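[1] Here is a sequence together with a model predicted from it:
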Amino acid sequence: MQDTELLRSIHSIWINRTTLTFARAPNVREDFRNQLDHFFDMLEQALDTGDSGWLDPLLENWATSLTETDLEGKHSNLLALLREIETISTQTAREMLTSEQALELVCSLIPHFSYCYEKAAFAEMNVRVSHVTTQLEETRQSLERLDRSKSDFIAVAAHELKTPLTLVEGYAAMLKDVSSSRSLTPYESSLLDGISTGTRRLKGIIDDMIDVSLLDNNLLSLNFQPVWINRLLNVIQHEVQPHIQDRKQNLVINRFPGDDLLTFGDPERLLQVIRNVITNAVKYTPDGGTITIDGRQLPGFTEIIVSDTGIGIAAEDQVLIFDKFARLGNSDLHSSSKTKFKGGGPGLGLHIARGIVESHGGAIWVESPGFDEKDCPGSTFHILIPARSEPPDEKLARLLAPLTQAH
Ligand code: ADP
């Protein structure tokens, strides 16, 4: 007997067994039986012509009809199905044919089943890849929506908070004026100071929130003006000195070649960057520690280097800290404060600093041997600012030409 005849002779038993094995529920049995019939026909064609390709459309169809649950599982359901079909074929052949006929049929079927495995694995892999790609795209879109609504919320909340805060600030200032005409008790003065400090801090946080939403929406506009790095550092030194004294720290500002060269940038925004980095250095360095500001001139850039003798930053966090709302798991932070040791903040300072520096065409990064609150390995922040001999805006360049030519 020919192979195809041998195969046909086991057809009805093979179909019944396979259907009962896979489709126990009567309502799906009929449909499954039809599918198996089709598989059987194609297998017969393959056996007859020696071309396993007859099975392709069916295998692809089976792969694409895998359900979501099938695709989420680790194991290949299609391969398991084919393996079971092959086992039932071998068993049925052994039971219904002579040993010789069974051996002949099984040997002829082996290359076709091998082909089916290969084809099914490939088709299933393609379906799984496109399923995962769709899932990834959906996740990306929902994350994008979430990020947008977070950023919208920040913008709205910040603007809504600003109005009443300005009122509180105004009334507090008026109260101070009124009370200056009478002598206040120390307790009354401390209450007034408390209101001023609180509103100042709240204003700082709201301004940061507004900056984050400007950066998120690419709306941060820079006001390019002549800038001298040494002058910016002088301003900052003056600003942070009280906090440095408070914390019994040392602030060392080293002059470096080129720190007095004129460049163009937004001085207020650059001050904000340096202020955020130095305030962090004060905050994350124990009392008595040292903060050093150094720098150097590189081709096309000025590099400002701020190092501290503080608690340091773990390698895995050195990129994360520039993300918004970055609060590191290892930092056991205290109440919100600008300069107290490890005083927690909202985690926006470095994100804003990076946004400003990058808007200038520069870069900011940190280096640290790691996080260690006992040994305090310290951190070093690098701020790279492009050296510009003229502002990017042509009109402003013409206006300021006499100044730039003088240098
Ligand atoms: P925060 O408002 O929390 O200070 P930042 O964006 O300024 O937000 O800083 C993010 C995080 O980076 C901080 O919470 C802190 O864990 C870490 N960090 C920043 N600067 C330093 C530093 N000089 N030393 C150690 N850790 C730092």
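    Structure received.

[2] Can you report how many residues lie near the residue in the stretch 51-200 of the chain positioned nearest to the ligand?
    Closest approach between the stretch 51-200 of the chain and the ligand, counting by CB to the nearest ligand atom: I154, at 14.8 Å. Quick note: C-beta positions are derived from backbone N, CA and C, even for glycine. Counted with other CB atoms under 10 Å, the neighbours of I154 add up to 21.

[3] was I right about it contacting V212?
    Yes - counting by CB atoms under 8 Å, V212 is a contact partner of I154 at 6.0 Å.

[4] mind checking how far S213 is from S151?
    Distance check for S213 against S151: by CB to CB, to the nearest Å, it reads 5 Å.

[5] any shared contact partners between the two?
    Here S213 and S151 have no joint contacts, going by CB atoms under 8 Å, 6 or more residues apart in numbering.

[6] Looking at these two, which is more packed in?
    The neighbour comparison of S213 against S151 (other CB under 10 Å) goes to S213, with 21 against 18.

[7] pLDDT at the residue lying farthest from the centre of the chain, what is it?
    Residue farthest from the centre of the chain, counting by CA atoms, centre = their mean, is M1 at 66.0 Å. On pLDDT, M1 comes in at 70.

[8] Tell me who's in contact with it.
    Contacts of M1 (CB under 8 Å, 6+ apart): S9, Q101.

[9] For V252, give me phi and psi.
    phi -110, psi 120 (degrees, to the nearest 10).

[10] ok, now which ones touch it?
    Here V252 is in contact with T290, I291, T292, I293 (CB under 8 Å, 6+ apart).

[11] so where's the chain shaky on pLDDT?
    Within the chain, the stretches with pLDDT under 70 are 24, 67-76, 327-338, 344, 394-407.

[12] Residues of it that sit close to the ligand?
    276, 280-281, 284, 308, 310-311, 313, 321, 326-328, 331, 344-351, 379 (CB under 6 Å from any ligand atom).

[13] Buried among these? Need that as a selection in PyMOL.
    Filtering these down to the buried ones (16 or more other CB atoms under 10 Å) takes a single PyMOL command:
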select buried, resi 276+280+281+284+308+310+311+313+321+326+345+346+347+348+349+350+351+379
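
[14] Show me the helices in the stretch 301-407 of the chain, by range?
    When assigned using DSSP state H, counting those that start in this stretch, the helices of the stretch 301-407 of the chain occupy the ranges 349-359, 394-399, 401-406.

[15] Could you point out which of the contacts of V252 is nearest to the ligand?
    Using CB to the nearest ligand atom, I291 comes nearest to the ligand of the contacts of V252, at 8.7 Å.

[16] Number of residues surrounding the closest one?
    24.

[17] which ones are touching A102?
    T90, A93, R94.

[18] try it again with 10 Å
    By CB atoms under 10 Å, 6 or more residues apart in numbering, A102 lies in contact with L6, I10, T90, Q91, T92, A93, R94, E95, M96.

[19] Just confirm the fifth one contacts Q101, I think it does.
    What it means is T92. No - T92 lies out of contact with Q101 (CB atoms under 10 Å); the separation is 11.9 Å.

[20] Common neighbours of these two, please.
    What both T92 and Q101 touch, as defined by CB under 10 Å, 6+ apart, is the set S9, I10.

[21] and this structure, what are its domains?
    Using automatic domain parsing, the domains assigned to the chain come out as 1-218, 225-406.

[22] Return the subset of the contacts of V252 lying in strands.
    Secondary structure assignment (DSSP state E) places T290, I291, T292, I293 from these within strands.

[23] which one of the residues you listed is nearest W365?
    When those are ranked by distance to W365 (CB to CB), I293 comes first, at 16.3 Å.

[24] Okay, and the beta partners of that closest one?
    Here I293 sits in beta bridges with I253, V306, going by DSSP bridges.
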